[in-house]
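> sharing a model that was predicted from the sequence below.
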Amino acid sequence: MSILNLKDQSLLRTQSYINGEWLDADSGKTFAVTDPSNGREIAQVADLGAAETRRAIEVADQAMQGWKKKTAKERSVILRKWFDLMMENQDDLAIIMTAEQGKVFAESKGEVAYGASFVEWFAEEAKRVYGDVIPNTTADRRSIVIKQPIGVVAAVTPWNFPNAMITRKAAPALAVGCAIVLKPAAETPLSALALAELADRAGIPAGLFNVVAGTAAPEIGAELTSNPIVKKFTFTGSTPIGKLLMQQCAQTVKRTSMELGGNAPVLVFEDADLDKAVAGAISAKYRNAGQTCICANRIIVQDTVYDAFVEKFTAAVNKFSLGNGFDSATTIGPLITAKAAANVHALVVDAQAKGASVTTGGQIDTLGEAFYQPTVLAHLSNNMRIAKEEIFGPVAPVFKFSTEDEAIAMANDTEFGLASYIFTKDISRVWRVSEAIDYGMVGVNEVAISSEVIPFGGVKESGQGREGSKYGLDDYLEIKYICMGDI
Ligand SMILES: NC(=O)c1ccc[n+]([C@@H]2O[C@H](COP(=O)([O-])OP(=O)(O)OC[C@H]3O[C@@H](n4cnc5c(N)ncnc54)[C@H](O)[C@@H]3O)[C@@H](O)[C@H]2O)c1
Ligand SMILES: O=C[C@H](O)CS(=O)(=O)O
């Protein structure tokens, strides 16, 4: 009996979806999915492993042979139906997401729409996969370029966006004619399985979209990264795991896409609109309780406006309401686990021990061990762990700089390079700083930078490849050059 009050209870799937069928684990084992806000069990989910993963890859290869021969328009029509079904079931998908991931319900609804937008976008982009006719160097031949689906795709995704991180991969892969085998995070499999249910209803043929849920991530991952049938491996998650999986893919020379960790700076210059900068930094820091890859990880403010910024920012943080994501009064939910909250607290304790001051928050909340108080730290220094590590929680360290060159140096003093944000009214400074900082994405006086139409991705150890936008198809296509003689 489900504890979730869904309009359509059949969206709550607990078996994996392989070759168009709902399957238990070979072992019969299951694992618990729990609500982070109270530890209550939501469901027992079939706990699959490497053997089932291998079978999923094999059926994906078979299913792809027919799918890739369909026209882009035929694939587009089916993907559009998947989009329509996601939006028709937005509330139920959001209930499932808040229950297993903890995010505020309004954010869950937003993520479902965001996830659906990738399906809508790539249903259209599929019809614009163009080739080239190359003006040749000799008159007796013609050279053309065509683009073809890369092959069976394997995907591994994180718990923090349990819908959108899946469709951001599955939609372009399916759009160009690939099949995909997905391993979602064990913390949030129900969102992935609900997507599979809707894919089935949309008429996505059996074997094309396969979801293998399980707790044996290393074993499932080993199969996905080593099986020679898999031609593309796409990962969204932490940088350490991304590096490991890239190494595993090397043995079969798989093409990889990596969407990894971040350490986003927010640079606030003295000429910025301070209220706009505070509002932007608040949004960039505390979305999803600070558990996004592009969250503000270091807020870096010019010394002449530092005290005013900290005062305004702290006042805004004190307006947050910590609580259960289903409570309409809640503006910040729990972290994914008690361990996550303890990890965040360790960063705060380390900073305080090295001289940081807490202007608000700074503790695991009495609401429960997964609840971390919205926190602001001032008087930071570069020797603190929080200056270098991805916080992944609702803690805002506010650093100070004096000159533009110092701000750029501080922003670049990290192995990460995903998102960054600049607040200034000086248009010359916008260009100087945007071009000087080493990041895949730069928000200028704006932090809501993500959508399906933009190339999302990072540089350095934040990953490789881009998801979304017209560039998002490239990761799932191979270029073929054909030279035609006897002209
Ligand atoms: N760049 C982006 O677009 C983006 C988006 C979301 C999250 N992230 C990053 O993801 C991290 C948070 O997510 P997380 O905690 O789920 O990350 P994680 O790396 O711990 O796990 C991500 C996925 O990898 C799986 N995994 C873990 N170990 C594995 C192994 N040995 N073999 C195969 N699979 C394995 C997990 O089960 C999960 O499905 C943060 O670093 C965040 O910045 C990046
Ligand atoms: O956490 C990573 C997500 O990609 C963030 S966003 O929702 O795409 O901005």
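Nice, thanks for sending it over. Ligands and ions are numbered 1, 2, ... in the order given.
> surely Gln251 meets Ser226?
Yes: taking contacts as Cβ atoms under 8 Å, Gln251 lies within contact range of Ser226: 6.2 Å. Where you see a C-beta, it was placed from the backbone N, CA and C, and this is true even at glycine.
> correct me, but Gln248 touches Glu223?
No: the criterion here is Cβ under 8 Å, and Gln248 misses it with Glu223 at 10.0 Å.
> out of these two, which sits in the busier spot?
Taking other Cβ atoms under 10 Å, Gln248 and Glu223 do not tie; Glu223 has more neighbours (23 against 18).
> just the mean pLDDT for the longest helix belonging to the chain, thanks.
For the chain, the helix with the greatest residue count under DSSP state H is helix 105-125. Averaged across helix 105-125, pLDDT comes to 98.
> which residues sit against the helix or strand following that helix?
Where DSSP states H and E defines the elements, the next helix or strand beyond helix 105-125 is strand 132-134. The contact list for strand 132-134 (Cβ atoms under 8 Å, 6 or more residues apart in numbering) reads 142-145.
> before we move on, the earlier item: report the distance from the longest helix of the chain to the chain centre.
From the chain centre to the centre of helix 105-125 is a distance of 12 Å (Cα atoms, centre = their mean, to the nearest Å).
> give the other helices and strands that it contacts.
Using 3 or more Cβ pairs under 8 Å, 6 or more residues apart in numbering; DSSP states H and E, the elements in contact with helix 105-125 are helix 72-88, helix 90-101, helix 164-176.
> deepest-packed of those, please.
Across the helices and strands packed on helix 105-125, averaging neighbours per residue (mean count of other Cβ atoms under 10 Å) puts helix 164-176 on top, at a mean of 29.
> which helices and strands does that helix pack with?
In terms of contacts (3+ Cβ pairs under 8 Å, 6+ apart), helix 164-176 is packed against helix 72-88, helix 105-125, strand 152-156, strand 180-183, helix 189-202, strand 230-236.
> so can I have TSV of those showing distance to ligand 2?
Below are the helices and strands packed on helix 164-176 laid out as TSV (distance: least, Cβ to the nearest ligand atom, whole Å):
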stretch	distance to ligand 2
helix 72-88	16
helix 105-125	6
strand 152-156	14
strand 180-183	16
helix 189-202	14
strand 230-236	7
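> what's near enough to touch the residue nearest the centre of the chain?
The chain has Met165 as the residue nearest its centroid, 4.4 Å off, counting by Cα atoms, centre = their mean. By Cβ under 8 Å, 6+ apart, the contact set of Met165 is 157-158, 236, 259.
> same thing but 6 Å
Going by Cβ atoms under 6 Å, 6 or more residues apart in numbering, Met165 touches 157-158, 236.
> top of those by neighbour count?
Thr157 (27 neighbours).
> once you drop chain neighbours, what's closest to that residue?
Met165 (4.4 Å; Cβ to Cβ, 6 or more residues apart in numbering).
> and the residue nearest to Gly323 when sequence neighbours are not counted, how close does it get to ligand 1?
Using Cβ to Cβ, 6+ apart and skipping residues adjacent in sequence, the residue nearest Gly323 is Thr330, 3.7 Å away. Distance, Thr330 to ligand 1, by Cβ to the nearest ligand atom, to the nearest Å: 22 Å.
> surely Thr330 is in a strand?
No: the assignment for Thr330, made by DSSP: H, G, I helix; E, B strand; the rest coil, is coil rather than a strand.
> got the contact list for the longest helix of the chain?
76, 79-80, 82-83, 86-87, 90, 93-94, 97-98, 161, 163-164, 167-168, 171-172, 175, 325-326, 452, 473.
> stretch 61-80 now?
Taking Cβ under 6 Å, 6+ apart as the rule, stretch 61-80 contacts 119, 123, 126-127, 149, 152, 177, 179, 202-204, 207-208, 229.
> out of those residues, give me the two with the largest separation.
Greatest spatial distance among the contacts of stretch 61-80 (Cβ to Cβ): Lys127 and Ile229, at 27.5 Å.
> and these two? Which one has more around it.
The neighbour comparison of Lys127 against Ile229 (other Cβ under 10 Å) goes to Ile229, with 17 against 13.
> quick check, pLDDT for the more buried one.
If you check Ile229, the pLDDT there is 98.
> now that it has come up, it's in contact with Ala154, right?
No: contact between Ile229 and Ala154 fails when scored by Cβ atoms under 6 Å: they sit 9.3 Å apart.
> can you report how many residues lie near Thr252?
14.
> just the element for it, please.
When elements are assigned from DSSP H and E, Thr252 belongs to no helix and no strand.
> OK, contacts around it?
Contacts of Thr252 by Cβ under 6 Å, 6+ apart are Pro228.
> if we use 8 Å, what do you get?
Applying Cβ under 8 Å, 6+ apart, the residues near Thr252 are 225-228, 230.
> need the max-distance pair from those.
The largest separation in the contacts of Thr252, counting by Cβ to Cβ, is between Thr225 and Pro228 at 10.8 Å.
> quick one: the nearest residue to Gly237 once chain neighbours are set aside and ligand 2, what's the gap?
Closest residue to Gly237 apart from its sequence neighbours, by Cβ to Cβ, 6+ apart: Pro158 at 4.7 Å. From Pro158 across to ligand 2, the span is 7 Å (Cβ to the nearest ligand atom).
> surely Pro158 is in contact with Ala186?
No: counting by Cβ under 8 Å, Pro158 does not reach Ala186; the two are 10.8 Å apart.
> within range of ligand 1, give me the residues from the stretch 151-300 of the chain.
156-161, 165, 183, 185-186, 217-218, 221, 236-238, 241, 244-245, 259-262, 293 (Cβ under 6 Å from any ligand atom).
> need the buried ones from the residues you listed selected in ChimeraX.
In ChimeraX, a selection of the buried entries from those looks like this (16 or more other Cβ atoms under 10 Å):
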select :156,157,158,159,160,161,165,183,185,186,221,236,237,241,245,259,260,261,262,293
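> among the residues of the stretch 151-300 of the chain next to ligand 1, which are in strands?
Using DSSP state E, 156, 183, 236, 259 are the members of those that sit in strands.
> which one of those residues is nearest Ile364?
Nearest to Ile364 among these: Thr236, at 27.4 Å, using Cβ to Cβ.
> thought the closest one was touching Val156?
Yes: at 7.4 Å, Thr236 counts as touching Val156 under the criterion of Cβ under 8 Å.
> residues in contact with Asp92?
Going by Cβ under 8 Å, 6+ apart, the list of residues near Asp92 reads 6-8, 11, 194.
> which one (most neighbours) among those?
Using other Cβ under 10 Å as the neighbour criterion, Ala194 leads these with 27 neighbours.
> for that residue, what are its contacts?
Ala194 touches 11-13, 89, 92-93, 96, counting by Cβ under 8 Å, 6+ apart.
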